[in-house]
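Trainee: pasting the sequence and the predicted model now:
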Amino acid sequence: MAITRLTDIITVFDSKWTYGDVKFGYDGEVNQDHDTQYPLMLVNPPESTIPIIYDGREEYSFEINFYNLYSQAAKDVVTLQKRWDNLQDLSNEWLDMVLKNYQDVTVEAYLNDESIEIERVKDTNNDKLVQIKLTFTMSAFTKCFRPVSNYPTDFSNLEVWLRADSGVTFDIPTKKVSAWSDNSGSNNMAQATTTKQPLRYGYGGENDKAYFDFNGTSNTISSVGDSPIETDFTIFEVSKIDAVSDTVFGYSNSGKIISIGLNSSGNYTVIVNDGEAQLRTNTSVVNTGAYHIGMLSKELNVVNLRYYDDSNTLTGSNTNIAYNDSITFNETTLNVGSLDGTTELLDGSVQELIIYNRKLSDSEIDKVVGYLNLKYKIY
């Protein structure tokens, strides 16, 4: 079976670009209507050939342009370089996910050797933009490419994967977020009340990546349906918590609690409560205002914590024989930016949240943390 229609490839390209708008067209059509959600991927109509007719292989030469906003006031060359670097990171991640789509399936595709070129351009088209131009030739179908990057989807029992750079519905002028699509499947988030909606920025977070801003007084966002979390789980989050006693991720129902945040002393703290008995552990240093990767895992009556920032790698654990390890956490919504939608509201930023319905192995945890650190350069 060979790809003989361009639609097959473009459909995959579209589905893997989840960071902003995607268009199939020409450079001069960029933001003609001034309603583009950036970052933008523009796929130029490619040239294609069938070099060996009886081999069933078709060869496409693509030029794909990636655009993001660059403020007129941001004249620092380091800031411009970072903007370009992060746009290139998104394009590389997109291309890797496209190629992973063709791994171990009936239809396969690969990049022709040494066909990739990357060009950096600024001040283009109808906006003040930075641009990455990616050109490559793709062939179908002799398998010769094996992507080596790890993504959360590579590990079983993934229930929630929320990213500030992907699947976000927000108002462009006000930046207020009304919906947040779950990259793992169906556990989407939403906030219909305008005054409670966090703000989404496409750059400016850790490593100049996209982030959600929570004001500490009203902003929070909750799952559309009930939480999918069962008895054992692993949760990763990337955030910055600016005030003590704030929660970045929470679940609360009749005393049953999952909480990740800072305690009253500013220590990073994880809590799991079955309604009567509690599992709790925290870091030994004050973590206020630090961008970090945090991990909470729970198996039976044991919780573990891992915490990474630019100067600390910290761990913690707690065992409580009184804890009822049959308790599940799927009777009400899960919350980002608060414990229960109304209390312990977050003053800070959120960039990513990942939840698995099991305790991941140490090796798997290392790989997910590695994915997050490669992306955000936390430590």
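Mentor: Sure, I can see it.

Trainee: which pLDDT value goes with residue 372?
Mentor: Here the pLDDT value assigned to residue 372 is 96.

Trainee: can you pull the contacts of residue 372?
Mentor: Residue 372 is in contact with 236, 238, 293, 352, 378, counting by C-beta atoms under 8 Å, 6 or more residues apart in numbering. (Glycine included, C-beta is placed from N, CA and C.)

Trainee: which of these lies closest to residue 183?
Mentor: Using C-beta to C-beta, residue 352 is the member of the contacts of residue 372 that sits closest to residue 183, with 9.9 Å.

Trainee: ok, back up a step: of the contacts of residue 372, which belong to strands?
Mentor: Using DSSP state E, 236, 238, 293, 352 are the members of the contacts of residue 372 that sit in strands.

Trainee: what is the nearest of these to residue 325?
Mentor: residue 236 (21.6 Å).

Trainee: any idea how far the closest one is from residue 376?
Mentor: Computed as C-beta to C-beta, to the nearest Å, the residue 236 to residue 376 distance reads 11 Å.

Trainee: who touches both of the two?
Mentor: Contacts common to residue 236 and residue 376, judged by C-beta under 8 Å, 6+ apart, are 293, 352.

Trainee: neighbour-wise, which of those two wins?
Mentor: residue 236 (25 against 21; other C-beta atoms under 10 Å).

Trainee: I figured that one hits residue 351, correct?
Mentor: No. Counting by C-beta atoms under 8 Å, residue 236 does not reach residue 351; the two are 11.0 Å apart.

Trainee: show me what contacts residue 277?
Mentor: 320, 322-324.

Trainee: try 6 Å
Mentor: The neighbours of residue 277, taking C-beta atoms under 6 Å, 6 or more residues apart in numbering as the test, are 320, 322-323.

Trainee: which one of these sits closest to residue 164?
Mentor: So of those, ranked by how close each gets to residue 164 (C-beta to C-beta), first place is residue 323, at 33.2 Å.

Trainee: so that closest one makes contact with residue 302?
Mentor: No. Contact status for residue 323 versus residue 302: not in contact, 8.6 Å apart, counting by C-beta atoms under 6 Å.

Trainee: who has more neighbours, the two?
Mentor: residue 323 (21 against 18).

Trainee: and the gap between that one and residue 92?
Mentor: From residue 323 to residue 92 the distance is 43 Å (C-beta to C-beta).

Trainee: next: residue 263.
Mentor: 39 Å.

Trainee: where along the stretch 51-200 of the chain do the strands fall?
Mentor: For the stretch 51-200 of the chain, strands defined by DSSP state E, counting those that start in this stretch occupy the ranges 57-69, 110-111, 117-122, 129-140, 158-163, 168-170, 177-180, 189-190, 199-201.
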